[in-house]
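Novice: just a sequence and a predicted model for now, questions to come.
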Number of protein chains: 4
Amino acid sequence: MRDPGDVSQLRSALKDSSVQAAEIVAVIGKTEGNGGVNDFTRAYFTQSLMLLLSQFLNEDRDTLVQRIPCVFSGGTEGVLSPHYMVFCRSLSDAAAQPEGAKPSLAIGTAFSPRVPAAHIGRRQHVESVKTAVQAAMADAQIEDPDDVHLVQVKVPCLTAARVAEEIAQGEDMAGSQPGQSMALARACGALGVALALGDIAPELMSEGAMLNDRSLFSTRASISAGVEVACNEVILLGNSPRWSGPLQIRHRPMQDALDIGAIYQVLDDLQIGGRPQVTASEHAKIAGVLVKGEPDRRGSIRGHRHTMLDDTDIDPQRHLRGALGGLVAGVFGDSRIFISGGAEHQGPDGGGLIAVIAHTPSDSTSPVNVRHVAGSSTRP
Amino acid sequence: MRDPGDVSQLRSALKDSSVQAAEIVAVIGKTEGNGGVNDFTRAYFTQSLMLLLSQFLNEDRDTLVQRIPCVFSGGTEGVLSPHYMVFCRSLSDAAAQPEGAKPSLAIGTAFSPRVPAAHIGRRQHVESVKTAVQAAMADAQIEDPDDVHLVQVKVPCLTAARVAEEIAQGEDMAGSQPGQSMALARACGALGVALALGDIAPELMSEGAMLNDRSLFSTRASISAGVEVACNEVILLGNSPRWSGPLQIRHRPMQDALDIGAIYQVLDDLQIGGRPQVTASEHAKIAGVLVKGEPDRRGSIRGHRHTMLDDTDIDPQRHLRGALGGLVAGVFGDSRIFISGGAEHQGPDGGGLIAVIAHTPSDSTSPVNVRHVAGSSTRP
Amino acid sequence: MRDPGDVSQLRSALKDSSVQAAEIVAVIGKTEGNGGVNDFTRAYFTQSLMLLLSQFLNEDRDTLVQRIPCVFSGGTEGVLSPHYMVFCRSLSDAAAQPEGAKPSLAIGTAFSPRVPAAHIGRRQHVESVKTAVQAAMADAQIEDPDDVHLVQVKVPCLTAARVAEEIAQGEDMAGSQPGQSMALARACGALGVALALGDIAPELMSEGAMLNDRSLFSTRASISAGVEVACNEVILLGNSPRWSGPLQIRHRPMQDALDIGAIYQVLDDLQIGGRPQVTASEHAKIAGVLVKGEPDRRGSIRGHRHTMLDDTDIDPQRHLRGALGGLVAGVFGDSRIFISGGAEHQGPDGGGLIAVIAHTPSDSTSPVNVRHVAGSSTRP
Amino acid sequence: MRDPGDVSQLRSALKDSSVQAAEIVAVIGKTEGNGGVNDFTRAYFTQSLMLLLSQFLNEDRDTLVQRIPCVFSGGTEGVLSPHYMVFCRSLSDAAAQPEGAKPSLAIGTAFSPRVPAAHIGRRQHVESVKTAVQAAMADAQIEDPDDVHLVQVKVPCLTAARVAEEIAQGEDMAGSQPGQSMALARACGALGVALALGDIAPELMSEGAMLNDRSLFSTRASISAGVEVACNEVILLGNSPRWSGPLQIRHRPMQDALDIGAIYQVLDDLQIGGRPQVTASEHAKIAGVLVKGEPDRRGSIRGHRHTMLDDTDIDPQRHLRGALGGLVAGVFGDSRIFISGGAEHQGPDGGGLIAVIAHTPSDSTSPVNVRHVAGSSTRP
């Protein structure tokens, strides 16, 4: 990805048929903006991508955008490299599934109805996300919430101008500043995931708990907020025996931004050595690394003061992505890490989570993930 | 360190005599500015520190500033925590040195004469640094350059206004922009160290090579540039059998910003396990971690594009410190890492170096480093 | 002012006795930081200034800091030039006051008791400011609030770490984020001034109105917030017949950031032409220009969208200071404008105010402002 | 313009035929990025605009982009409002031109061939711009260079990665850092315009003069540089008796960033009062305001230090646009000012220029500018 308008690698893959346009179900990526309200690299890349796909499919951009969820996180601070992962799945007869097959990577997606501006950051927003996550689980044919390893959600948030407009029209809005609107929107996304997966008890959920009670969290929720979407877009990843194919996914919570142990644990879960660094041969097994984290809101990490929250020059999330990205990239020996800040209710307070998609240790007979029905996950 | 004016921890240490003001020979630290030309946290902390020391010593601030080198690097991006290390040494009779003693941490300091503005970034600047490094080696009583593990130098650089003034007065200046002046000044510092330690052949050194021929470097040079100093200030650290005491120092080059292996290697050199993270008990052994690195000027790391150099919003060095700081802090489990960007000619192109001061594996009979003569290194 | 540690101009003035150290009662200035929570240029300049004054007066720095209010606003965006104004007053026998003298610039100062952290941004904070303003009026010997033209207040605010600490100790804090704490603190300052001067009815003041009901404001309040102060520091400026001397002050509200008319109006009030720009000869009459403004929180100015509030890269107040500073400096033909962002309740919503101190049209017999008692205002 | 992907206003104008797609010859606008190498709002808006036009014209985006020059300047610092001006022209029989008609706004455009990377910032780049400007003059049917009032040029520049690539392939590049490449590219554009218009003598032009000899400039050149273009795109504006229509253009040099007088002068030239601010009724006459300026490279303005060049947090051009934009917007009472930083060789050293397009004092019989042939200029 040379810039946020560059889709040449996917174009090549589509042209030589190594990727089938009709099999693409979702795209996740990092673009090189600032990751804030005024980051337009996400919308630019989405527009570029949809222009490309509309050339290969008989659908216009507007239809595609409402069918294929695209979650782009702005901000490639430090060593991070702009990149994107294209998720594909192919379908096959359920009878084709071999007996006693190991669970393979399963992918489900869903779009909620449009979220009214006044609902953003409110209970209704949480419910809207929850329902969409349940739909994505059904789409992935995952029944046990424990088989879900990552739910990537893009939620809408508002510009300052939009908030002012709504207030002028008599709406009672949650969060009057852009940063606050983004944080509340992410909190709704995380709590919606947590409720859908049973990570928190429904009775604990309240508007007052949002951004305040950090004991409420899901270690499988990764939420981005952007002004460019109007509804919740869900990409759900897990392992399922109803799917076959070469890939699987695992995840671990991260206790704080220094939790290097969690990174090695998820590599262990996937039977990849990676000590002290993923080797060149192991490297080929890795299909995607997704990380969530946040600047500890108490102002220190393991007892030592950090300065992320008081900085007027650099946004706290930009600080965090740079630091955590540097750590994860160092272990993987690869700077193509999807890392997203703003981990409110996504993992332990001050921490976050890491999820890795990798090839299964044993060779698979099929080159792509197939289900009852099926899927494959490819990284251009 | 609550802010760049806070010297309360050292004040306490001086009051309870755990640190003797007269034994302080150097201070190295990180302050929370932007690390650029307009970072005044370094000067503010220096002023605060000298005010404190002048209360405990019968010297005024101006004298102290010319006797005790203070190298502060601005920029605590990401998880990094503002902190400082106070280097002390006590002197004792050479006869007191036990036979066959292991080499211990040795500290030497030196100040060059004032560097004229027109010399900055030029061959004369390199020579000035080289001479000062040789003086610091003599002060540390180290004869073999191989026993030197880190030479921390603060070199002067110029504001845009100052450069314009000098040009108006007919001076031919190297580097017309502030960033360029800083980079050239650091290059001079690094090449001066490299020449003094024999890391590069004298005939290879030329003004044309500065910032261009990156095969010329020292893996033991760590250079900061600041508008607040007018001469080169040198703090030289190594191991010497003429010193005794509990501390020693080791260093390793870092090949790039993902070189996690180098961090574990220097821990191995010091016989500290630290896998995957320095444990609480091992942690007590670490007295200081000093790192140098830079954004790869070729625009990519291990084949993947980074965006540090093209960013108009965040300075490239701020990006780098955040990422590399996140990696090193993750291995040490501690965010008090002295990390400084701008590693021109300081380690391999695109990489840098790491140096660690730690307690020796075997217990020492003395609580502080003592030489022939002697020294101790303490971290408040 | 070469940098925030440079007090050489005042040192010269003290040495040649053009300024008497004992007559200094207040200092107002702009330093070149970012103007946010992590702007340490204000504290650094204060420390430098107090070090200088303690050399000329028989008082230590801690005493001076509690006697002479120093209000420094960080941020010299765009054309703005770092500078400071030193306010002096000399006392003389009331009998010396000529009959029927014109009102002259009167200066009063006051310090409130320390504001507890939990009071910041609350009603108690408003009351504390109000009381201090009344004390400053008495100190200036101004009885009619209409004779007051500017009340510059420095109020304390909190770092994120400090807020987290207080909450952990069970305190119920107003404003959990640094920016929010600063905004609430400024609101308290403005409302305290408004109450003291009778600009708003006491019954309209409530905590709920803070930052919300923008119809409540004073056009004579200029508030800065900083983590470096623990109490409210007040500098009150007005005109009084009990004072004599060459200077007077006038002010005008600014309706928005494009209100160039207000600037010319205040020049008219002072009988300075200034059309289209203050000429060289008129220029000598100007002793100080103080401006307050803010990014319109509704996201547009005169119907056209601005982008200050949604910018993740540059702080909204930095945007505003740059733009408004450019406008005012263009009219005055001088970039030494004290301009401060964050004008919550300080002037009309989306606007602010301008106050100018200038020599009176007719020559004065005395070179300095003298009261009953007396004062002079000098700009180095 | 709600965001850089919003072309809804032009879409409405095209739908209701108030603008004819076929008559559009150029677009100039401001988008809300950072204005630097990594500002993708320009490319995003261009993509969005071309998508719209390709729906109304029987041409694909790639053809349109090579036919209709689009000059977007990133950066709406301070009060500036994102906006764009669409330039249209209609053609009519030369015989239709009334006798003795007043000169009217004339518009010409041109594209140079692709500029090889190694030419950027070099003499060949200057020549390429010069030739394109001559072509645009011919297209506008302007023979006397004195009738030209603004030449807006978009020149290509390079990312750090691209420069490194070229160097690796053995190319000798001008300017190794992104900022430097942009500055050199702008200098080439300005000197190319200056040569084409006869503003400087050809023998004075040399590569050594670029960015150094600031006595060489054109007061009618306004240059933007961007990584998104590969050739020079020229939009030339002047007045010509061969054109008829309601609009005309005038320009004035600005001596520095405080030169408010130049703004009133250009209003005088257009017989618009505008004192102290353009009134609502006068406002309807203004069709476009275009400004160029730069932070004085000598570090001060009228003897007072500015801090734009030494700031590590905010790019100097962002500082400048905010300040100068604030000043111009204040005079016009409108924040839709096209202002662009980086004025190397575009106006006096430390200054720049202002050009204003406005309706002629006397009513025109035609609603649009028409030439021999013809043109109209419209601002949505």
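Specialist: Thanks, I have the structure now. Residues are numbered from 1 along each chain as shown, chains lettered A, B, ... in the order given.

Novice: point to the residue nearest the middle of chain A.
Specialist: A centroid search over chain A (C-alpha atoms, centre = their mean) returns A:Q152, at 3.3 Å, as the residue closest to the centre.

Novice: quickly find the element holding the closest residue in space to that residue that isn't next to it in sequence.
Specialist: Excluding its sequence neighbours, the residue lying closest to A:Q152 (C-beta to C-beta, 6 or more residues apart in numbering or on different chains) is A:I235, at 4.4 Å. For every residue, glycine as well, the C-beta is placed using N, CA and C. Using DSSP states H and E, A:I235 sits within strand A:231-240.

Novice: and if you look at A:I223?
Specialist: With DSSP H and E as criterion, A:I223 is part of strand A:221-226.

Novice: direction included, what does that strand pair up with?
Specialist: Paired neighbours of strand A:221-226 in the sheet (DSSP bridges): strand A:148-156 (parallel).

Novice: buried ones in the helix or strand that comes right after the partner strand?
Specialist: Next helix or strand after strand A:148-156 toward the C-terminus (DSSP H and E): helix A:160-168. For helix A:160-168, a neighbour-count test (16 or more other C-beta atoms under 10 Å in any protein chain shown) marks A:160-166 as buried.

Novice: now those residues as a markdown table including pLDDT and distance to chain D?
Specialist: Shown next, in a markdown table, are the buried residues of helix A:160-168 (pLDDT from 0 to 100; distance: C-beta to the nearest C-beta, whole Å):
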| residue | pLDDT | distance to chain D |
| --- | --- | --- |
| A:A160 | 76 | 12 |
| A:A161 | 77 | 8 |
| A:R162 | 79 | 9 |
| A:V163 | 80 | 14 |
| A:A164 | 78 | 13 |
| A:E165 | 80 | 11 |
| A:E166 | 82 | 15 |
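
Novice: give me the subset of those touching chain C.
Specialist: Among these, the residues within reach of chain C (C-beta under 8 Å from any C-beta of the partner chain) are A:160-161, A:164-165.

Novice: quick one on the thing from earlier: centre of the chain to the strand holding A:I223, how far?
Specialist: 7 Å (C-alpha atoms, centre = their mean, to the nearest Å).

Novice: that one vs strand A:231-240, what angle?
Specialist: Per axes from the mean of the first three to the mean of the last three C-alpha atoms, to 10 degrees, the angle that strand A:221-226 makes with strand A:231-240 is 160 degrees.

Novice: alpha carbons only: can I get strand A:221-226 in PDB?
Specialist: Listed in PDB are the C-alpha atoms of strand A:221-226, where the atom choice follows Å, rounded to 0.1, in the frame of the first residue of the first chain:
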ATOM      1  CA  ALA A 221     -13.900  -7.000  21.300                       C
ATOM      2  CA  SER A 222     -11.900  -4.600  19.000                       C
ATOM      3  CA  ILE A 223     -13.800  -1.500  18.200                       C
ATOM      4  CA  SER A 224     -13.000   1.400  15.900                       C
ATOM      5  CA  ALA A 225     -15.100   4.500  15.600                       C
ATOM      6  CA  GLY A 226     -15.400   6.800  12.500                       C
END
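
Novice: in that strand, which of the residues would be classed as buried?
Specialist: A:221-226.

Novice: off-centre distance for the lengthiest helix in chain A?
Specialist: For chain A, the helix with the greatest residue count under DSSP state H is helix A:178-197. Its chain's average C-alpha position is 13 Å from that of helix A:178-197, according to C-alpha atoms, centre = their mean.

Novice: over to stretch A:322-337?
Specialist: 17 Å.

Novice: that one near chain C at all?
Specialist: No: Stretch A:322-337 stays clear of chain C (C-beta under 8 Å from any C-beta), getting no nearer than 14.0 Å.

Novice: hmm, that stretch touching chain D?
Specialist: No: counting by C-beta under 8 Å from any C-beta, chain D is not contacted by stretch A:322-337; separation bottoms out at 13.7 Å.

Novice: return the alpha-carbon coordinates of that stretch using PDB.
Specialist: The C-alpha trace of stretch A:322-337 is given here as PDB (Å, rounded to 0.1, in the frame of the first residue of the first chain):
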ATOM      1  CA  GLY A 322       3.300   3.700  18.400                       C
ATOM      2  CA  ALA A 323       4.500   2.100  21.600                       C
ATOM      3  CA  LEU A 324       2.400  -1.100  21.500                       C
ATOM      4  CA  GLY A 325       3.000  -1.400  17.800                       C
ATOM      5  CA  GLY A 326       6.800  -1.200  18.400                       C
ATOM      6  CA  LEU A 327       6.600  -4.000  20.900                       C
ATOM      7  CA  VAL A 328       4.400  -6.400  18.900                       C
ATOM      8  CA  ALA A 329       6.300  -5.700  15.700                       C
ATOM      9  CA  GLY A 330       9.500  -6.500  17.500                       C
ATOM     10  CA  VAL A 331       8.300 -10.000  18.500                       C
ATOM     11  CA  PHE A 332       6.900 -10.700  15.100                       C
ATOM     12  CA  GLY A 333       9.800  -9.200  13.200                       C
ATOM     13  CA  ASP A 334       7.200  -7.600  11.000                       C
ATOM     14  CA  SER A 335       5.700  -4.100  11.100                       C
ATOM     15  CA  ARG A 336       2.400  -5.100   9.400                       C
ATOM     16  CA  ILE A 337       0.500  -5.100  12.700                       C
END
